[in-house]
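J.: Let's see this in three dimensions:
(one chain, ligands or ions: 1)
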Amino acid sequence: TERWVLVPAAGIGARMGREIPKQYLPLAGHPLLSHTLENILSWPGIAGIAVCVADADCWFEALPEANDPRIHRVAGGAERADSVLAGLRYLEKHAALGAEVLVHDAARPCIAVADVERLMDGEAPHGAILALPVSDTVKQVRSAGETEIERTLDRSRIWLAQTPQRAPVALLRHALEQALADGVAVTDEASALEAAGFSPRLVPGSRTNIKVTVPEDLPLAEFILATRRQ
Ligand code: C5P
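T.: Residues are numbered from 1 along each chain as shown. The predicted structure is shown next:
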């Protein structure tokens, strides 16, 4: 099976509170997205990488990886799911029939190749994702912004979804299109597959695969990358 990687990188990173989108903030002297792309280029058996970039983006072309023939720039969309859908449509034209995709956030530069290999192990006709069991106790409130606890969830059944998330290209494209048309909240690929009635598999990941979201995450990511190089 041909395998591609799709990198949504069209966000503005509002929670970072900076002018420049978080995927271009410097991390150990290089833009964050450069680290992520170099990491992906080291994964075994990847046919190509589709990077979904905002139309107004003037930073991507300056990355050294932008000229790599394995890397394809695709126009992203308004929300993460729109960017992923644009990337999937590109892959349906450019990848082999029956190809599989690994969707990986630009904002997760610290992913360990061993975790990717575990995710790719075996068949995953209905998808598979890296995820972590929670260690904290999880509280639920009645609605967003509330601070009064409604109840405590059974944490033994809660997993935190990471990326990469793996699925057949055509299956995920169908599921995502349907979910968006139905107004389902799709914050990751698995949620679209779930809404379509599939049960993607959980593959235990690592805590070091952080999503750089707030300023404190930058030194943490630098630390993780530095220990990796030792
Ligand atoms: O905002 P969040 O951290 O959930 O974004 C996850 C990933 O989705 C980031 O890599 C971001 O660049 C990407 N994204 C996108 N298109 C959007 C919004 C976010 O590709 N419209």
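
J.: need the longest strand for the protein.
T.: strand 159-168 (DSSP state E).

J.: Give me the mean pLDDT for it.
T.: Taken as a whole, strand 159-168 carries a mean pLDDT of 98.

J.: chain center to it: distance?
T.: 7 Å (C-alpha atoms, centre = their mean, to the nearest Å).

J.: May I have the strands that pair with it, each with its orientation?
T.: In the sheet, strand 159-168 lines up against strand 100-103 (antiparallel), strand 128-133 (antiparallel) (DSSP bridges).

J.: now the angle from the helix or strand that the first one is followed by to strand 128-133?
T.: Read it as strand 100-103. Tracing the chain C-terminally past strand 100-103 and defining elements by DSSP states H and E, one meets helix 113-120 next. Inter-element angle recorded for helix 113-120 and strand 128-133: 120 degrees (by axes from the mean of the first three to the mean of the last three C-alpha atoms, to 10 degrees).

J.: packing partners for helix 113-120?
T.: Here helix 113-120 touches strand 100-103, strand 128-133, strand 159-168, strand 201-204, going by 3 or more C-beta pairs under 8 Å, 6 or more residues apart in numbering; DSSP states H and E. For glycine as for every other residue, the C-beta is placed from the backbone atoms N, C-alpha and C.

J.: For that helix, give the mean pLDDT please.
T.: 98.

J.: mind listing what's buried in it?
T.: 115, 116, 118, 119, 120 (16 or more other C-beta atoms under 10 Å).

J.: now do stretch 33-53
T.: For stretch 33-53, the neighbour count (16+ other C-beta under 10 Å) marks 33-37, 39-40, 43, 46-53 as buried.

J.: ok, these vs residue 67, which is closest?
T.: residue 37 (11.5 Å; C-beta to C-beta).

J.: And that closest one, its phi and psi?
T.: Backbone torsions of residue 37, given as degrees, to the nearest 10, read phi -70, psi -40.

J.: what's around the nearest residue to it once chain neighbours are set aside, how many residues?
T.: Nearest in space to residue 37, with sequence neighbours left out and distances taken as C-beta to C-beta, 6 or more residues apart in numbering, is residue 65 at 4.3 Å. When neighbours are counted by other C-beta atoms under 10 Å, residue 65 registers 19.

J.: Just want to check the distance between residue 65 and residue 22.
T.: Per C-beta to C-beta, to the nearest Å, residue 65 is found 17 Å from residue 22.
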